[in-house]
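>>> With the input below, show me the fold.
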Amino acid sequence: MPGKQTMGRVCLMLGLAVSGCAMFDSDNRRTLNLLDRHITPDSLGTQIALAPAVLPLGGIALAVDQFIVHPVCVSDDAWDDTRTVLWESDDPSLFRRVLLVPLVALATPFFYLGDFLIRASTPFLESD
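Below you'll find the model as predicted:
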């Protein structure tokens with residue numbers, strides 16, 4: 001049976017791990033933000049009365065944002081990073097670029113997957 005210190009450490013580590021989650025950034029919660037804009041009533045009494053129906057709907061919207069909408073939205077950014085870093089070269093030597101094509105082709109899925117996972121799981125700052 002784990003002690004209180006062990007449980008406290010586990011809770012602290014879990015809290016630190018989740019604190020960098022992409023869903024804590026409001027720009028990454030497109031479905032939930034849409035629900036907030038269109039469904040949130042003005043009066044406090046109505047908000048309390050609708051809470052039993054709206055809270056599960058909000059949880060579903062958050063799950064849809066986290067596992068479907070946000071990963072789809074960042075997949076093109078991950079591909080743009082992969083294309084820019086691996087395939088667009090400033091090297092003027094055509095011979096060198098031709099020699100590197102097999103290595104770049106092998107590295108592409110790994111680079112894309114790593115970039116996609118980082119973008120999908122953490123709030124990523126855009127440089128636009």
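>>> so how many other residues sit close to Arg119?
Residues within reach of Arg119, counting by other CB atoms under 10 Å, total 20. C-betas here are computed from N, CA, C, even on glycine.
>>> Over to Ala22?
Using other CB under 10 Å, Ala22 has 20 other residues around it.
>>> quick one, what contacts it?
Shown in contact with Ala22 (CB atoms under 8 Å, 6 or more residues apart in numbering): 28, 66, 70, 120-124.
>>> Repeat the analysis, applying 10 Å as the threshold.
Residues near Ala22 by CB atoms under 10 Å, 6 or more residues apart in numbering: 28-29, 65-66, 70-71, 74, 118-124.
>>> These, buried ones only, as a PyMOL selection?
In PyMOL, selecting the buried portion of the contacts of Ala22, with burial taken from 16 or more other CB atoms under 10 Å, looks like this:
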select buried, resi 28+29+65+66+70+71+74+119+120+121+124
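>>> Among the contacts of Ala22, find the lowest-pLDDT one for me.
Across those, no position has a lower pLDDT than Phe124, which has 69.
>>> Double-check Val104 against Arg96; I have them as touching.
No. Contact criterion CB atoms under 10 Å: Val104 and Arg96 do not qualify, at 11.5 Å.
>>> buried ones in the helix or strand containing His38?
Counting by DSSP states H and E, the element that carries His38 is helix 30-39. Using 16+ other CB under 10 Å as the test for burial, helix 30-39 gives 31-32, 35.
>>> Return the member of these nearest to Ala51.
When the buried residues of helix 30-39 are compared for distance to Ala51 (CB to CB), Leu35 wins out at 13.5 Å.
>>> Much appreciated, bye for now.
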